[in-house]
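Enquirer: Generate coordinates for the sequence data below:
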Amino acid sequence: MGIDALLERVRAGYERLGPHEARAAADRGALLVDIRYAALRERDGLIPGALVVERNELEWRLDPDGSHRVPEAVDHGIRVVVICNEGYASSLAAESLHRLGLHRATDLIGGFQAWRAAGLPVEE
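Expert: Predicted coordinates:
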């Protein structure tokens, strides 16, 4: 199976959110999680209020039962919206969170670039 087929299969397992839907979810208490690496965050800025957790630490930080979890990872029912740069790595990350029992995890279609293109807030 190639990456395109894998992404299609993974994405069929949950409902992805567009930029305005992600913002509305955050307004209702969802946790926005920015998994972009530092150089992209420095170049393009940050989404206000988003938790920055680089991709290689994501499962460790968001597993509510894990010893290295962030305080925001309160239980398996939290709504998590994973954000990468363009919406590819975040799909695989959201699927990984599903395997950890975070069944409400999703990702942002088009990633940070779509958020910014939609005119939503960005901190430089």
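Enquirer: Quick one: end-to-end length of stretch 68-83, please.
Expert: Start-to-end span of stretch 68-83 (Cα to Cα, to the nearest Å) is 21 Å.
Enquirer: gap between the residue nearest the centre of the chain and residue 103?
Expert: In the chain, the centroid-proximal residue (Cα atoms, centre = their mean) is residue 82; its distance is 0.4 Å. Per Cβ to Cβ, to the nearest Å, residue 82 is found 14 Å from residue 103. Bear in mind the C-beta positions are built from the backbone N, C-alpha and C, glycine included.
Enquirer: ok, back up a step: how about the residue nearest to the centre of the chain, what does it touch?
Expert: Contacts for residue 82 (Cβ atoms under 8 Å, 6 or more residues apart in numbering) come out as 33, 35, 58, 90, 93-94, 97, 105-108.
Enquirer: what pLDDT does it get?
Expert: As predicted, residue 82 sits at a pLDDT of 98.
Enquirer: No further queries at this time; thank you.
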